[in-house]
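Q: Take this sequence and fold it.
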Amino acid sequence: MPPLYTFGDMRTAIRTRLRPMVEADIPQVLDIERESFPSPWPQTAYKRELTNKIARYFVLAEVRDDEGAPPPAGSPGIWASVRRALGATEPVPTSEYLLGFVGVWLMVNEAHIVTIAVREEHRRMGVGERLLLAAIELATDLDQEAVTLEVRASNEGAQRMYEKYAFNRMGLRKRYYTDNNEDAVIMTTPDLFTAGYKKLVGELRARHQERHPDLWP
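A: Predicted coordinates for the structure are as follows:
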């Protein structure tokens, strides 16, 4: 029986899967963007990103129990299946409802999170942290030394989540966001392969799985 997901007083059985983004996802991704950012990217930007050799985009999708919906991917081999699927153009069933997405650029020795967003109705339910863990695990899997990102100076909630994963504040990009000229805080992890950091991520991952088993198919 699928785990139970709580929405207020309603309890609904759902199952999810993490997979590479494909072009058919873009309309839902744009919906999430519009809910999340003052200046969302245009559709053409995501089409370009899906062919960008240094970019990796993933979505966390709710797989509904409609007829023909595929089974969720098994977690033991999830990154093997992700590697096989990179660059694939698999069709996306209409029964999949995107909860959030994350985009990563593979730079020289570091993975840069260029975007991460969660559908408004699914915030504060562990989805953003699940996507962050996916980005960290992808970086580790591809032998990147660190993960880095920019976050709005006013977004204290996101900063607290990153600090939980030992992201350090490395400086400011002044007037980085063009919609309101807000500063961006630059944040970077320690070396991903140190024993201490691997232990931290392992503990946080286990804790997240315990609290949100529905997000770990």
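
Q: Quick one: the helices in the chain, in order.
A: 26-36, 43-49, 78-85, 127-141, 156-164, 195-211 (DSSP state H).

Q: and of those, who's closest to residue 170?
A: For residue 170, the closest of the helices of the chain is helix 156-164, at 11.5 Å, according to C-beta to C-beta. In short, each C-beta sits where N, CA and C put it, glycine included.

Q: show me the residues around the most centrally placed residue in the chain that make contact.
A: Nearest to the mean C-alpha position of the chain, by C-alpha atoms, centre = their mean, lies residue 131 at 2.8 Å. Under the criterion of C-beta atoms under 8 Å, 6 or more residues apart in numbering, the contact list for residue 131 reads 58, 60, 100, 101, 102, 116, 118.

Q: how about a cut-off of 7 Å?
A: Shown here is residue 131, whose contacts under the criterion C-beta atoms under 7 Å, 6 or more residues apart in numbering are 60, 100, 102, 116.

Q: can you check residue 150 too?
A: For residue 150, the contacting residues are 173, 176, 184, 185, 186, taking C-beta under 7 Å, 6+ apart as the criterion.

Q: which of those are buried?
A: Among the contacts of residue 150, the ones that count as buried by 16 or more other C-beta atoms under 10 Å are 176, 184, 185, 186.

Q: Using JSON lines, lay out those residues together with distance to residue 211 and pLDDT.
A: Converted to JSON lines, those look like this (distance: C-beta to C-beta, whole Å; pLDDT from 0 to 100):
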{"residue": "176", "distance to residue 211": "33", "pLDDT": "92"}
{"residue": "184", "distance to residue 211": "30", "pLDDT": "96"}
{"residue": "185", "distance to residue 211": "27", "pLDDT": "98"}
{"residue": "186", "distance to residue 211": "29", "pLDDT": "98"}
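
Q: Endpoint to endpoint, stretch 186-193 covers what distance?
A: Using C-alpha to C-alpha, to the nearest Å, the end-to-end distance of stretch 186-193 comes out at 21 Å.

Q: now do stretch 138-154
A: Using C-alpha to C-alpha, one end of stretch 138-154 lies 28 Å from the other.

Q: repeat for stretch 188-197
A: Using C-alpha to C-alpha, the two ends of stretch 188-197 sit 13 Å apart.
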